[in-house]
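> show me the folded form of this:
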Amino acid sequence: WVSHYKDYDGESDGRLFWWRFLIGLVIFFCGMWVNIWSDKVLVGLKKQGGGYKVPRGGWFELVSCPNYFGEILEWFGWAVMTWSWVGLGFFLYTCANLVPRALAHHKWYLEKFGEDYPKHRKAVIPFLY
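Next up is the predicted model:
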């Protein structure tokens with residue numbers, strides 16, 4: 001889309017394109033950082049051995065699946081960067097795929113750890129869901 005199909009000549013205000021692109025790029029990289037950081041935390045827990053543990057710290061204090069949240073942020077950033085139906089489609093598909101998975105993970109954590117699992121954590125979207 002970015003290199004072949006986007007009509008840059010049709011943009012009425014080139015500055016608006018660059019603002020959207022830069023804002024989307026920042027969102028994308030923030031999401032990438034959240035995704036990579038949370039995956040490292042989960043891999044670190046696995047390397048410790050001893051079975052399943054409750055992830056703690058950082059984004060894990062807000063949501064059960066910050067890696068999914070990070071990926072959703074990445075595709076939202078891409079949608080903003082491209083400002084296209086294609087970008088929006090990738091974002092919506094990612095949400096349709098990861099939000100139900102996050103909810104299932106969240107329910108599993110609650111069943112597995114019971115009272116030891118923080119009740120204030122949401123599944124994937126901080127403070128919302």
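
> tell me the helix or strand right after the top helix by length along the chain.
Using DSSP state H, we find that the single longest helix of the chain is helix 14-48. With elements assigned by DSSP states H and E, the helix or strand that comes after helix 14-48 is helix 66-82.

> so for that next one, mean pLDDT?
Here helix 66-82 scores 96 as its mean pLDDT.

> residues in contact with that helix?
1-2, 6, 20-21, 23-39, 42, 58-60, 63, 87-88, 90-91, 94-95, 98-99, 101-102, 124-126 (C-beta atoms under 8 Å, 6 or more residues apart in numbering). Glycine gets a C-beta too; all of them are placed from N, C-alpha and C.

> so how far is that helix from its chain's centroid?
Computed by C-alpha atoms, centre = their mean, to the nearest Å, the chain-centroid distance of helix 66-82 equals 5 Å.

> do stretch 27-38 as well
Put simply, stretch 27-38 sits 7 Å off its chain's centre (C-alpha atoms, centre = their mean).

> please identify the buried residues of it?
If you call a residue buried by 16 or more other C-beta atoms under 10 Å, then stretch 27-38 has these buried ones: 27-28, 31, 34-35, 37-38.
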